[in-house]
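S.K.: sequence and predicted structure are below.
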Amino acid sequence: MTRRIDHRGFIGEVLFALSGLLVWVAHFLVVYVATALLCARTSAGALIPVLILFATVLAVAALVAVFVVARRKLRQESSGRRFLARLALFGAAIALVAVIWEAMPAGFLPSC
Amino acid sequence: MNRPNPLPRPEGERKHLEQVWQPPAGWRILSAVNNTYVGLFYIGTALLFLLLGGVLAVIMRTQLAVPENNLLDAGTYNQIFTMHGTVMMFLFAVPMVEAIGVYLLPGFLAARDLPFPRLSAYAYWAYAFGGIAFFCSLFFGYAPDGGWFMYPPLTSYQHSPGINADFWLLGIGFIEISAIAGAIELVVGILRTRAPGMTLDRMPVYAWAMLVVGLMITFGFPPVIVGTLLLEIERSLHWPFFIAERGGDPVLWQHLFWLFGHPEVYIIFLPAAGIASMIVPTMAQTPLVGYRLVVLAIIATGFLSFGLWVHHMFAVGLPHLSMAFFSAASMAVSIMSGVQVFSWIATLGRGRVRLTVPTLFILGFLFTFVAGGLTGVMLATIPFDWQAHDTYFVVAHLHYVLIGGMVFPFFAGFYYWAPTVSGRTLSERIGRWVFALMFVGFNLAFFPMHITGLMGMPRRVYTYPEGLGWEWLNLLSTAGAYMLAAGVALFLVDIARNLRVAGKVDTNPWNAGTLEWLPLDNYASRSIPQVEGRDPLWDNPGLRKEVDRGEHFLPGSATGYRETIVTSPIDAKPQYLLTLPGPSWSTVVAAAGTAAFFLLLTVQLYWTSLIGAAVALAGVLHWMWRAEPGPVSPPVEVGRGCVLPVNICGPASHSWWGTMVLILVDGTIFASLLFTYFYLWTVRPEQWAPAAALLPDALWPLLSAAGYAGSAALILFGRRAVRAGRVAVTAAIAPAFGLLVLGFGAELIGQIETELVPTASAYGAAVYVISANQGVHVGALMIMAGFVMARAWTGRLSWERRASYDNTMLLWAYTACQGLVGLAVLHLFPRFLG
């Protein structure tokens, strides 16, 4: 047993495992804040659906990237770390459903 | 398999361990800090509040049993329904969640205790003293009466003069402190004190749930702390955060409250779901189906629950599209609950289920929670919500979710884990009656409320006229409430007859597979097992005996102190041995001082309250003075060549991790203040825009920024001074503090020199409250800096014993960053807008 304790890598590993859900957070914040700000402070409400579409495409692309990286990690990592890759994979899947589902109302509801 | 320690064990090893962990005798037991005792005190007190909140519910139901009843007047009824909600949410549910965590988690993780026992004890005592005093406000007619979510303007100074609302705002203040103290303990404990080999994918689902809940408290409580702080400041100093005429907005309170309030529902539900995920496999005698998906569902719920808060505000008049995001998120979160429900059903289907009392409560939970979840999806649909808003339909829904989703699984847990306290199960016969009375009573009480609500009965009315068709439904609800109360009373009878604290326990009556069923004493299990799977007792049926014979890690006290093994957060590899503190009165004193401070503030004895603050500070300083013994021993072997250092410092240490969690809390508080600032700009542009005269000259913020940056650089660089000795430490800290004061002082003087007055506008109030928050940090750092220097001058600070410096340095760096961000927002944003 070595006296040198390696604590590095934990934050990176955890952030990766949560990356799909963090994409969901970012997307949710962007669409909510953008809608609130554009409605309250500007007359550019018509821009909102375009902005949401753009944010959603970006979020979906990011989630697909997480998915691909997580699958690769799943094949390469040792068993303990594979669990984190699997969490990332599942998290990206659930985030994908939530992102698309939450963006859909922008297609048929008035913006403000 | 080779076990870490060979037999026979040295004579007297176990006896020595028992002596080291000897609990204090007689009334001194109140100074105990280890989880077995604090956990039980905590659970007992939370149960007391369940009873008190339940009595209030029965009084309300008696009042509503018949129309035009005059048992209670409207004012008293207002106090009772406010206290019922507040007590159940803040004094029963959240504390019970943390209490059971504190009691059970070391068992699940096979740790001797969680890493900060005195913090748990402080959290408990602050809650117990403060909670009881807060409840007593009811007997003097001073109880809050604005509803448990305390919406302004009703609760601000114009419409609620007197101190009733202050009791809520300050009374709940220390409950929040207590909850956060508990959360830090849970997060660091779960990540760092797991048994060797208990990798993240072998961690019990309950521990996963509590880890997520600890983090949810970390991010969820700060908004309500800020909300209560702002409302209290508005009430006492008349800074108009929520007053529309002066640029404030009452809806701001709703955002801050529900930003906490909805995650709160899952803070309560997830531990209960975790309990179900432990009991179901045991009762079906088969591993949980879909472990990984259940863990993911718990984590994802933790995230999505922060995207639901506006569904409490659908009737406010927000833009339709904004509401639709929250409506969709509210539906999406039900997928995660669905994953868990199907996992439990599949596990029950795969195994041979024993219909014990815990199983009955779990089945009751499944039925009730699913029903409550479905009405939740109904309410997430905005047009339906508009119809049902503020009616008894909502009352029915929230009780189905909270009683079904939390109380039933917790009762399952009481029956399931009672043998870890007393060595034997509670009465199966009485337990079945308890379940029957509670389940039937609950449904009889709350199912009719769906209909009463749809027929238009609003919540929170103290009485109702005859002839609206609500009479028999209300009568049924009242009968059900009495039946539910009878079930709880019978449970107390069962406890009184069959629950005795045994101290030493060796039983596994349900043949469970997890480690809390190892033979236990005050020190938890005799040795700490190497974990090889998710259900260690099923994987190795001989493990209980091996552990008790001392064949696994740390079979005695290696250093002569109480101790536990700290492991790495992902792979659970042993890293160092942490010595733990023994009984202490300083936590009790600190908690009493904290409670006294808040309660004396409430009754407007401002100067006297400072005595409470001084007592609290003295208690904390006394506790911290003895908190870091340093490497009390050279590295010790805990088993099979595993040699561990004792009490390390630096980024891998538990104290560094605890401070980082605290900084997350602190950062979220600051983010909530910034949210307040930007929110007011968004919704009140006409009253927000400051004239140029209201902005300080640029010299002041520049001077302030230089002070903060220089101060942080000195304190970070000064870490090396710890090696050089006390003079060097003083030479680093003293000028760093000077620069910090310069940073804060320059900002404050700059603001004072303008014509900005915090009472005149919400903008001014927001600016000053952000500065005041910085001032509180500077004050706290002054105490910490003095503390570190005192340790240096008394020979208690060295490179191997520098946690006090490290923790101060982390908070210092954070404070400087917070100051710089605050300056950027307060000075650049208005200039950017022109």
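M.R.: Received, thanks.
S.K.: contact residues of the stretch 601-750 of chain B facing chain A?
M.R.: By the rule C-beta under 8 Å from any C-beta of the partner chain, the part of the stretch 601-750 of chain B lying against chain A is B:635, B:641-645, B:648, B:651-652, B:682-683, B:685. In short, each C-beta sits where N, CA and C put it, glycine included.
S.K.: and these, which are buried?
M.R.: Applying 16 or more other C-beta atoms under 10 Å in any protein chain shown to these, the neighbour count classes B:642, B:644-645, B:648, B:652, B:683 as buried.
S.K.: between those residues, which is nearest chain A?
M.R.: Closest approach to chain A among those (C-beta to the nearest C-beta): B:Ala652, at 3.9 Å.
S.K.: pLDDT check: weakest of the buried ones among the residues of the stretch 601-750 of chain B next to chain A?
M.R.: When these are compared by pLDDT, B:Val683 scores lowest at 89.
S.K.: pass me the low-pLDDT residue ranges in the stretch 1-150 of chain B, would you?
M.R.: Across the stretch 1-150 of chain B, the ranges flagged by pLDDT under 70 are B:1.
S.K.: from it, which residue is nearest to chain A?
M.R.: B:Pro4 (11.7 Å).
S.K.: my guess is that residue meets B:Val547, correct?
M.R.: No. Assessed by C-beta atoms under 8 Å, B:Pro4 is found out of contact with B:Val547, at 10.6 Å.
S.K.: common neighbours of the two, please.
M.R.: By C-beta atoms under 8 Å, 6 or more residues apart in numbering or on different chains, B:Pro4 and B:Val547 have these common neighbours: B:Ser527.
S.K.: residue 48 is in what secondary structure piece?
M.R.: Just so you know, I chose chain A. When elements are assigned from DSSP states H and E, A:Ile48 belongs to helix A:47-76.
S.K.: that's the wrong chain, I wanted chain B
M.R.: Following DSSP H and E, one finds B:Leu48 within helix B:35-64.
S.K.: please report how far B:Val407 lies from chain A.
M.R.: Separation of B:Val407 from chain A (C-beta to the nearest C-beta, to the nearest Å) stands at 28 Å.
S.K.: what does B:Arg720 give?
M.R.: Distance, B:Arg720 to chain A, using C-beta to the nearest C-beta: 20 Å.
S.K.: what residues does the stretch 301-450 of chain B have near chain A?
M.R.: Residues of the stretch 301-450 of chain B lying close to chain A (C-beta under 8 Å from any C-beta) are B:303-304, B:306-307, B:319-322, B:324-325, B:327-329, B:331-332, B:335-336.
S.K.: okay, now the residue nearest to B:Gly725 when sequence neighbours are not counted: neighbour count?
M.R.: Nearest non-adjacent residue to B:Gly725, counting by C-beta to C-beta, 6 or more residues apart in numbering or on different chains: B:Ala792, 7.7 Å away. When neighbours are defined as other C-beta atoms under 10 Å in any protein chain shown, B:Ala792 has 23 of them.
S.K.: check which helices and strands the one helix or strand B:Ala792 maps to is in contact with.
M.R.: Secondary structure assignment for B:Ala792, by DSSP H and E: helix B:762-793. Applying 3 or more C-beta pairs under 8 Å, 6 or more residues apart in numbering or on different chains; DSSP states H and E, one finds that helix B:762-793 contacts helix B:205-237, helix B:606-625, helix B:654-683, helix B:685-688, helix B:726-753, helix B:803-823.
S.K.: show me what the fourth one is packed up against.
M.R.: Okay, so that is helix B:685-688. If contacts are counted by 3+ C-beta pairs under 8 Å, 6+ apart, helix B:685-688 sits against helix B:762-793.
S.K.: and the angle for the helix it packs on with helix B:654-683?
M.R.: In terms of direction (axes from the mean of the first three to the mean of the last three C-alpha atoms, to 10 degrees), helix B:762-793 departs from helix B:654-683 by 170 degrees.
S.K.: pLDDT (mean, whole number) over helix B:762-793?
M.R.: For helix B:762-793, the mean per-residue pLDDT is 96.
S.K.: mind listing what the residue nearest to B:Gly725 touches?
M.R.: B:722, B:725-726, B:729-730.
S.K.: name the element the residue nearest the centre of chain A belongs to?
M.R.: The structure's chain A has its C-alpha centroid closest to A:Val23; by C-alpha atoms, centre = their mean the separation is 1.5 Å. Using DSSP H and E, A:Val23 maps to helix A:19-41.
S.K.: got the angle for that helix vs helix A:47-76?
M.R.: Between helix A:19-41 and helix A:47-76, the angle comes out at 170 degrees (the same axes, to 10 degrees).
S.K.: what about helix A:19-41, near chain B?
M.R.: Yes. Counting by C-beta under 8 Å from any C-beta, chain B is contacted by helix A:19-41 at A:21, A:24-25, A:28, A:31-32, A:35-37, A:39-41.
S.K.: the closest residue to the residue nearest to the centre of chain A other than its chain neighbours: neighbour count?
M.R.: Once flanking residues are discounted, A:Val23 sits nearest to A:Ala62: 4.8 Å by C-beta to C-beta, 6+ apart. Other residues near A:Ala62 come to 20 when the count uses other C-beta under 10 Å.
S.K.: ok, now how distant is A:Ala62 from chain B?
M.R.: Distance, A:Ala62 to chain B, by C-beta to the nearest C-beta: 15 Å.
S.K.: from memory that residue sits against A:Leu22, does it?
M.R.: No. Using C-beta under 8 Å, A:Ala62 is not in contact with A:Leu22, being 9.3 Å away.
S.K.: and the residue of the stretch 351-500 of chain B nearest chain A?
M.R.: Taking C-beta to the nearest C-beta, the stretch 351-500 of chain B has B:Ile382 as its residue nearest chain A, at 10.0 Å.
S.K.: that residue and A:Pro105, how far apart?
M.R.: 10 Å (C-beta to C-beta, to the nearest Å).
S.K.: one more: B:Pro419?
M.R.: 51 Å.
S.K.: now do B:Thr368
M.R.: For B:Thr368, the distance to A:Pro105 - C-beta to C-beta - is 31 Å.
S.K.: before we move on, back to that, now, which of the contacts of B:Ala792 sits nearest B:Thr282?
M.R.: Of all the contacts of B:Ala792, B:Thr282 sits closest to B:Val722, with 49.9 Å by C-beta to C-beta.
S.K.: stretch A:85-102 near chain B at all?
M.R.: Yes. Interface with chain B: stretch A:85-102 contributes A:86-87, A:90-91, A:94-95, A:97-98, A:101-102 (C-beta under 8 Å from any C-beta).
S.K.: so B:His312 makes contact with B:Gln254?
M.R.: Yes. Assessed by C-beta under 8 Å, B:His312 is found in contact with B:Gln254 at 7.4 Å.
S.K.: OK, contacts around residue 101?
M.R.: If you meant another chain, say so; for now it's chain A. Contacts of A:Trp101 (C-beta under 8 Å, 6+ apart): B:328, B:331-332.
S.K.: look at chain B instead
M.R.: B:182, B:186, B:210, B:213, B:271.
S.K.: in the host helix or strand of B:Leu17, what counts as buried?
M.R.: In the assignment (DSSP H and E), B:Leu17 maps to helix B:13-20. Under the neighbour-count criterion of 16+ other C-beta under 10 Å, helix B:13-20 has B:13-14, B:17-18, B:20 buried.
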